[in-house]
Structure formats: C-alpha cells, structure tokens
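> how does the following fold in three dimensions:
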Amino acid sequence: MSDIKPVKVLFVCMGNICRSPTAHGVFQALVDEHGLGGSIQVDSAGTHSYHTGNPPDPRSQATARKRGLDLSGLRARRFESNDFIDFDYLLAMDKANLADMLAIRPDDAIASADLMLKYSDRYQEPEIPDPYFGNDGFELVFDMIEDASHGLLRQIRSRYDL
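So this is what the prediction gives:
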C-alpha cells in the first residue's frame, strides 16, 4: 500500500468555517469508519481568507458534537490554485464558490471541480446553503453533507477499487 498514492479530497466553501470543515469532519469520519484512512486523505479550504487560521464556527462545532464529531482541531485555510494539482476531488458547497475556484484554475490542473451535492441521493438542489448569517441552517447543512458524503465515498471506492 505504501507505493499507492492516496486519493485526496478537498471540500471548499467561502470562509472554511461552516460548510467545508463540516464536510471535512463528516467525510473523514466516514473514511475512518470504513478503514480507508491510508487510502483517502481529506482537507478543506475557503475561497476567501477572512478566517484563515481560525477553528470552525462554534455553531458548526456544536452541531457536529451533537452528531458525535469533533471539529475543534480543524483550522481554516484559503483555497489555492495548486489545490487543482494536489487534489483528486475538489468539491464546492455552492455555485459561487465553484466559480471562484475555477477562476484560478491553472492550465496544468489535474483535478476538476464540482458541486458536493452531485453525490447526494436525497437532495435535488445543487447547492448546500451557507448557514453563517442565520442560526437554524446548521442541522440541514450537516444532513446534506452527510448524505453527499456517503455517495462520494461510494464513487471513490468504485473508481479506485477500495
């Protein structure tokens, strides 16, 4: 296994303190639950640098804690053009962040970017709403991310025979 390159997944939202760290934590837990920690690496980033170095929003952390996940060790970072080269999957939470990502896509990019909810079984809408400016959207965001994470893991396992 040591000579096999791990599949690298990056979740992206605007500030990297609500949706993308939730996706990071949910997907990492799913990867660990399936014993795939050595085969899949998970990270998250934001298209803006407002919160670089900060932990996830307290409301995101509280929602995750209620679901048995600890996001407190995560720190926000800004999405960079090199992420198109370093990662296999770049998943945006909404169309605006996807557009921001694609705007800095280098010509030699390896990965393409897509919307996270592409992998959802239960939700038809294309975007995961940003709960930052409200107080009631964090549970829905978690549910949407959890559902899409299961679909994403199925796709990765099938594609890479994991």
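> packing partners for the helix or strand harbouring Ala96?
Here Ala96 sits within helix 95-103, counting by DSSP states H and E. Helix 95-103 sits against strand 7-13, strand 89-92, strand 113-115, with contacts defined as 3 or more C-beta pairs under 8 Å, 6 or more residues apart in numbering; DSSP states H and E. Quick note: C-beta positions are derived from backbone N, CA and C, even for glycine.
> out of those strands, which is closest to Gly73?
strand 7-13 (15.6 Å; C-beta to C-beta).
> can you list the weak-confidence ranges in the protein?
1-3 (pLDDT under 70).
> now the helices for it?
Secondary structure of the chain, counting by DSSP state H: helices at 19-33, 58-66, 83-86, 95-103, 138-160.
> tell me which of these is the most buried.
helix 19-33 (a mean of 24; mean count of other C-beta atoms under 10 Å).
> quick one: list the elements packing against that one.
By 3+ C-beta pairs under 8 Å, 6+ apart, helix 19-33 packs against strand 7-13, strand 40-46, helix 58-66, helix 138-160.
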